[in-house]
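Enquirer: What follows is a protein structure lacking sequence information:
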């Protein structure tokens, strides 16, 4: 039986809708979700390929590179935790976790006095952010990063702003980018220089859209710019996680990792994100959907429900809470169920 | 070719369906007689702007697919090709659906014997998000309160829960940048004559569907449904036939006018300048069927380190390969994250190809696909 079901794309913080095609209960493809107000049926390649994690998911737990029963592997994790000094245990959560999972991870870490580390792309939560419609209606749009290429469904709103008469000022780390292609004014310097040089052009109807900064001070400068701002995160629920857990900068996370002997990673690829010698950590335990750089060096891997197999909610970059439902049933445990067993 | 007016003999279908429920009744006949494994049709999910293709195998469920959904611009050719190839399928097709299916039949990607094509005359479709915004801006109604919509006599008509209706001229909506999708505004194939039958309200009396029977299979459908007691038919008057023809000709004339205005206006390189090479247009194209074997996936075309991507390496190659077969369904426009008017660029070249060869993708009879080679090896 052919079925098409609605869900949310987990690829970045834009919050696009996506349809999943099932044939006889098996996920076989994606289909445009044209009714979705965020993206009107448009998805980038990351979004359309996001079902790959389901098709490549871990089917069993892995302990010391050998496949094993999930319950036994969870018992091994409990044993490791019970013999560890709490101050040397660090729990990593991320924007890949749903709001419900972040709450559970936070409660788990706090109740055990473990360290908790959460990386938010070195960005932060702003009290008020621009909506996607604000971007389209802005008089000037200041773009930090190649948003058209890296976050195309925000990039589309920048294109609309230009079509509506806005002037586009773009900053890129490289000489060429898709965003630079449509920009009226292009820069390649630092974020500070970009903001200083364009200070006179920023007014109340401007919007600054960005997916990176060079330093924490840049965030203060962006906040003080006197216009609406829209930080765009690399993970689907970073904005939601920021409401629950204080983020750490990369430097702060490295400091925590230097004092960590047992690392628990909940659905994240910290090895990809953070430049650190993870070989210094005695034991790494990953709770993961499918293989990534972190699971490759993990001592224990516990499979978790993929985003297609669970209910939950994300907060997108403009602050909207978006709920999603499982599109397929699964015997895998959710992160919340695993935490219940570890407690 | 012959004409008939038809309506359902089933009271529930008659009241739920458009124009007397003939299409739904024909589907019911095909399912109940075991002629097909299932019916591929649209069914609303969250609201009328959110109709999704659904494969119905129990005729009791057909009632959920009754009615028209102009704000659900879907495409069924690729669905049949990818997921229903080995099934006997009855399917409701707009002209662009029919054209894509015809192109796929020619390419041996759909088995003609397996499909029953119930054509729907089409004046165009509306994108759901802009459609809701359009209703919010130009009507006195909340888009959430609309229970059905229709395109008739040059107007986009909405019906509310209390039975009241509001109508605005499509021309006025399109002047403001709303109304039908851009490809629909220039589409000059309004009646799907490659389908077994083509159904609609043009020329029909109230409560009846005007059906053009295009081939023997179509005649068998009508005869079978009548014999099964689910369909009533009568002959249309000469006035009805002429009225329908007049509507079709007016719509084609408007489309040609749109083509004349839009083809010269598009600047391919300016539009391609924001291409991110995400391949969404290729992946959604109902005619593209090579999938993972597509040459554009080969290392000599893939250069992910080159940002921004070279437009010629993707768009240019694809244009030269596929534009001759473009059926102007607009799915590529719908899914492009950068809002590149891909179908306009492709359709413009298809029209040039047609001027030289007479080939209209998915419409022309007895012609091999462009670039056809008997030596081409199946991938």
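Expert: Here it is on my side, so go on. Being a predicted model, the structure only gives us computed values, none of them experimental.

Enquirer: Centre-most residue in chain B?
Expert: By CA atoms, centre = their mean, chain B has its centre lying nearest to residue B:94, at 3.3 Å.

Enquirer: Now do the same contact list for that residue.
Expert: B:119-120, B:122, B:125, B:192 (CB atoms under 8 Å, 6 or more residues apart in numbering or on different chains). Any C-beta I mention is one placed from the backbone N, CA and C, and that applies to glycine too.

Enquirer: Could you check the pLDDT of it?
Expert: pLDDT for residue B:94: 97.

Enquirer: mind checking the longest helix of chain B?
Expert: Ranked by residue count and defined by DSSP state H, the top helix of chain B is helix B:238-262.

Enquirer: do that helix and chain A meet?
Expert: No. Helix B:238-262 stays clear of chain A (CB under 8 Å from any CB of the partner chain), getting no nearer than 15.9 Å.

Enquirer: Can you tell me which residues in the stretch 251-379 of chain B are near chain A?
Expert: Within reach of chain A by CB under 8 Å from any CB, the stretch 251-379 of chain B has these residues: B:273-276, B:278-280, B:283-284, B:307-308, B:331, B:334-339.

Enquirer: could you redo the last one with a cut-off of 6 Å?
Expert: B:273-274, B:276, B:278, B:307-308, B:334-335, B:337 (CB under 6 Å from any CB of the partner chain).

Enquirer: Likewise for the stretch 51-200 of chain B?
Expert: Contact residues (CB under 6 Å from any CB) of the stretch 51-200 of chain B with chain A: B:52, B:55, B:83, B:128-129.

Enquirer: And the pLDDT for residue B:378?
Expert: For residue B:378, the predicted pLDDT is 51.

Enquirer: actually residue A:175, not the one I typed
Expert: 89.

Enquirer: all strands of the stretch 101-250 of chain B, in order?
Expert: B:115-120, B:146-152, B:155-160, B:165-169, B:197-200, B:209-213, B:231-234 (DSSP state E, counting those that start in this stretch).

Enquirer: Reformat the ones you listed as CSV; add mean neighbour count and distance to residue B:263.
Expert: Supplementary listing: the strands of the stretch 101-250 of chain B in CSV, determined by neighbours: other CB atoms under 10 Å in any protein chain shown; distance: least, CB to CB, whole Å:
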stretch, mean neighbour count, distance to residue B:263
strand B:115-120, 25, 27
strand B:146-152, 18, 24
strand B:155-160, 20, 25
strand B:165-169, 16, 25
strand B:197-200, 26, 27
strand B:209-213, 25, 29
strand B:231-234, 18, 42
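
Enquirer: rank those strands by pLDDT, which is bottom?
Expert: strand B:146-152 (a mean of 92).

Enquirer: what's in contact with that one?
Expert: B:70, B:123, B:157-159, B:161 (CB atoms under 6 Å, 6 or more residues apart in numbering or on different chains).

Enquirer: Could you do stretch B:346-358 as well?
Expert: By CB under 6 Å, 6+ apart, the list of residues contacting stretch B:346-358 from outside reads B:263, B:323-324, B:326, B:328, B:360.

Enquirer: returning to what we had before: using neighbour counts, give me the buried entries of the residues of the stretch 251-379 of chain B next to chain A.
Expert: B:274, B:276, B:278, B:307-308, B:334-335, B:337 (16 or more other CB atoms under 10 Å in any protein chain shown).

Enquirer: so how many other residues sit close to residue 324?
Expert: Chain wasn't specified; assuming chain A. 21 (other CB atoms under 10 Å in any protein chain shown).

Enquirer: if you could check chain B rather than the one you did, that'd help
Expert: Neighbour tally, residue B:324, other CB under 10 Å: 20.

Enquirer: I'd like the distance between it and chain A.
Expert: 25 Å (CB to the nearest CB, to the nearest Å).

Enquirer: In a helix, that residue, correct?
Expert: Yes. Assessed with DSSP: H, G, I helix; E, B strand; the rest coil, residue B:324 lies in a helix.

Enquirer: Just the pLDDT for it.
Expert: So residue B:324 comes in at 92 (pLDDT).

Enquirer: what residues are up against the residue of the stretch 151-300 of chain B found nearest chain A?
Expert: Per CB to the nearest CB, residue B:278 is where the stretch 151-300 of chain B lies closest to chain A, at 4.4 Å. With contacts defined as CB under 6 Å, 6+ apart, the neighbours of residue B:278 are A:44-45.

Enquirer: would it count as being in a helix?
Expert: No. Counting by three-state DSSP, residue B:278 is located in no helix; its state is coil.

Enquirer: quick one, phi psi at it?
Expert: Backbone torsions of residue B:278, given as degrees, to the nearest 10, read phi -90, psi -10.

Enquirer: Would you mind naming the helix or strand containing the spatially most central residue of chain A?
Expert: The centre of chain A sits closest to residue A:235, judged by CA atoms, centre = their mean, with a distance of 1.2 Å. According to DSSP states H and E, residue A:235 maps onto no helix or strand at all.

Enquirer: Isn't it up against residue A:96?
Expert: Yes. With contact defined as CB atoms under 6 Å, residue A:235 reaches residue A:96; the gap is 5.3 Å.

Enquirer: can you list the weak-confidence ranges in chain A?
Expert: Nowhere does chain A drop to pLDDT under 70.

Enquirer: How about the residues of it by chain B?
Expert: Going by CB under 6 Å from any CB, the residues of chain A near chain B are A:2, A:4, A:23, A:32, A:34-35, A:37, A:40-42, A:44-45, A:149, A:152-153, A:156, A:178, A:181-182.

Enquirer: can you redo the residues of the stretch 51-200 of chain B next to chain A as a markdown table with neighbour count and distance to residue B:174?
Expert: Below are those laid out as a markdown table (neighbours: other CB atoms under 10 Å in any protein chain shown; distance: CB to CB, whole Å):
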| residue | neighbour count | distance to residue B:174 |
| --- | --- | --- |
| B:52 | 21 | 26 |
| B:55 | 23 | 34 |
| B:83 | 19 | 35 |
| B:128 | 26 | 17 |
| B:129 | 18 | 16 |
